[in-house]
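> Sequence first, then the predicted structure:
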Amino acid sequence: MSSGNDRALDDCEPLLALHGVHKRFGGLHAVNDISFAVATGSIKAVIGPNGAGKTTLFNLIAGNLPVSAGTITFQGQEIQGKKTHAIVRLGMARTFQNIKLFHGMTALECVMVGRHVQSRCGFFAGLFNLPFTWKEERASRARAMELLDFLQIADLAQVEATSLAFGQQRAVEMARALAAEPKLLLLDEPAAGLNIYETAEVARLITTIRDMGVTVLLVEHDMSLVMDISDEIVVLSFGAKLAEDTPANIQQNAGVIKIYLGEDDAG
């Protein structure tokens with residue numbers, strides 16, 4: 001059973017739904033009975049202090065970690081226990097808190113890797129460089145360039161990705177995730193390490209991505225970013241869900257104020 005502070009899920013089927021999700025690491029209960037839903041076409045944020053379980057929750061949703069209990073449903077299909085690549089093929093992609101790019105690859109090549117799930121060519125077709133693979137590679141390259149242009153880094157396409165500035169690497173990673181043509185994009189602290197101008201650009205990009213038809217679920221510490229762009233916010237504390245509401249109501253929630261500012265300020 002999910003906890004008493006859970007809000008009722010929408011009558012219409014959400015794109016993503018978590019029901020009573022738990023994750024234990026030995027005696028540590030890192031995620032404790034989490035339930036919430038993400039509506040198609042929305043931007044939903046997960047916030048909470050360090051150690052609240054936010055990244056662990058993302059890893060459970062994306063298949064990077066197995067759940068200890070509970071269900072995760074994506075497009076009406078249970079996905080807990082599925083391999084990460086299978087979840088990506090269903091239409092979910094993610095970025096990481098710590099940027100993960102391939103050494104020795106250009107920005108363009110890194111983004112093209114994200115197109116792999118859209119490929120119809122098998123291993124042997126690619127190995128022997130069969131003619132029908134050429135057309136697919138040209139299409140993948142063109143789409144990757146479109147995404148680099150969308151993120152305003154097309155001029156860096158031939159630069160080694162890991163040599164780029166931090167904010168540019170974040171953009172490459174986002175382009176790689178979008179290359180999979182996801183229905184749901186998970187963004188793990190997309191503004192981490194960015195200055196105020198880069199953060200404003202990230203906010204603009206996320207809303208543009210949503211307007212393109214991609215639902216967004218993000219973990220983020222920058223509260224101004226979260227409050228500006230989110231339709232709904234889930235607040236975690238010590239692995240449990242503390243609150244779920246609109247940004248305006250979350251800002252007035254005494255429990256949320258307490259975990260961020262302390263007992264006296266909440267009073």
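Noted; the coordinates are in hand.
> mind listing what the closest residue to Leu205 other than its chain neighbours touches?
Using CB to CB, 6 or more residues apart in numbering and skipping residues adjacent in sequence, the residue nearest Leu205 is Leu151, 6.8 Å away. Just so you know, the C-beta spots here come from the backbone N, C-alpha and C atoms, and that holds for glycine as well. Taking CB atoms under 8 Å, 6 or more residues apart in numbering, we find Leu151 in contact with 171-172, 174-175, 205.
> So which of these belong to helices?
Judged by DSSP state H, the contacts of Leu151 include 171-172, 174-175, 205 as members of helices.
> Output the longest helix belonging to the chain.
Max-length helix for the chain by DSSP H is helix 131-150.
> which helices and strands does it pack with?
helix 107-113, helix 123-127, helix 166-179 (3 or more CB pairs under 8 Å, 6 or more residues apart in numbering; DSSP states H and E).
> Next, the angle from that helix to helix 166-179.
Put simply, helix 131-150 runs at 130 degrees to helix 166-179, going by axes from the mean of the first three to the mean of the last three CA atoms, to 10 degrees.
> Highest neighbour count among the contacts of Leu151?
Val172 (29 neighbours; other CB atoms under 10 Å).
> And that residue, how far from Val46?
24 Å (CB to CB, to the nearest Å).
> Tell me the gap between stretch 91-111 and the middle of its chain.
13 Å (CA atoms, centre = their mean, to the nearest Å).
> Can I get it as CSV, trimmed to CA atoms?
Output of stretch 91-111 as CSV, limited to C-alpha atoms (Å, rounded to 0.1, in the frame of the first residue of the first chain):
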residue,chain,number,x,y,z
GLY,A,91,10.7,5.6,-25.5
MET,A,92,12.5,6.7,-22.4
ALA,A,93,16.0,8.4,-22.4
ARG,A,94,18.0,10.1,-19.7
THR,A,95,21.0,12.3,-18.8
PHE,A,96,23.2,11.8,-15.8
GLN,A,97,24.2,13.9,-12.8
ASN,A,98,27.9,13.1,-13.7
ILE,A,99,28.3,13.6,-17.4
LYS,A,100,29.0,10.4,-19.3
LEU,A,101,30.5,11.0,-22.7
PHE,A,102,32.7,8.7,-24.8
HIS,A,103,36.4,9.6,-24.8
GLY,A,104,37.9,9.9,-28.3
MET,A,105,34.6,10.6,-29.9
THR,A,106,33.5,13.9,-31.4
ALA,A,107,30.4,15.7,-30.3
LEU,A,108,28.6,14.5,-33.4
GLU,A,109,29.6,10.9,-32.9
CYS,A,110,28.5,10.9,-29.3
VAL,A,111,25.0,12.2,-30.4
